[in-house]
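Novice: fold the stuff below for me.
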Amino acid sequence: MASSIVSCKTYRTFVSCWKGHATWFSRNASYPNLLTGAIVGGPDAYDNFADQRDNYEQTEHATYNNAPLLVILARLHAGHSGYN
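Specialist: Model (predicted):
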């Protein structure tokens with residue numbers, strides 16, 4: 001998974017919503033900020049997946065996709081100590 005906008009740690013200038021879309025999202029260069037391990041929307045009904053910036057239905061990573069898995073993994077990692 002990737003992000004169209006550069007990390008705030010390397011680009012220390014304020015980026016408004018308009019500038020983020022106009023400058024970063026619309027450009028043809030490769031993704032400047034990678035996110036490894038996030039769950040995205042996935043393939044369509046015909047099992048096709050298009051990894052394109054404007055295809056948010058399939059490529060968006062969101063909390064409703066990732067939070068349930070994170071909770072399960074955290075619980076498994078904690079084990080049984082302190083739980084009834």
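
Novice: show me the domain layout of this protein.
Specialist: 1-36, 41-84 (automatic domain parsing).

Novice: who's in contact with Ala50?
Specialist: By C-beta atoms under 8 Å, 6 or more residues apart in numbering, the contact list for Ala50 reads Gln58, Thr59. In this view, the C-beta of every residue, glycine as well, is placed from N, C-alpha and C.

Novice: how close does it sit to Gly42?
Specialist: 11 Å (C-beta to C-beta, to the nearest Å).

Novice: overlap in contacts, the two.
Specialist: Gln58.

Novice: got a pLDDT number for the spatially most central residue of the chain?
Specialist: The residue lying closest to the centre of the chain (C-alpha atoms, centre = their mean) is His61, at 3.6 Å. Model confidence at His61, given as pLDDT, is 77.

Novice: now do the same contact list for it.
Specialist: Neighbour list for His61: Met1, Leu35, Ala38, Ile39, Val40 [criterion: C-beta under 8 Å, 6+ apart].

Novice: so where's this structure uncertain?
Specialist: 1-4, 21, 80-84 (pLDDT under 70).
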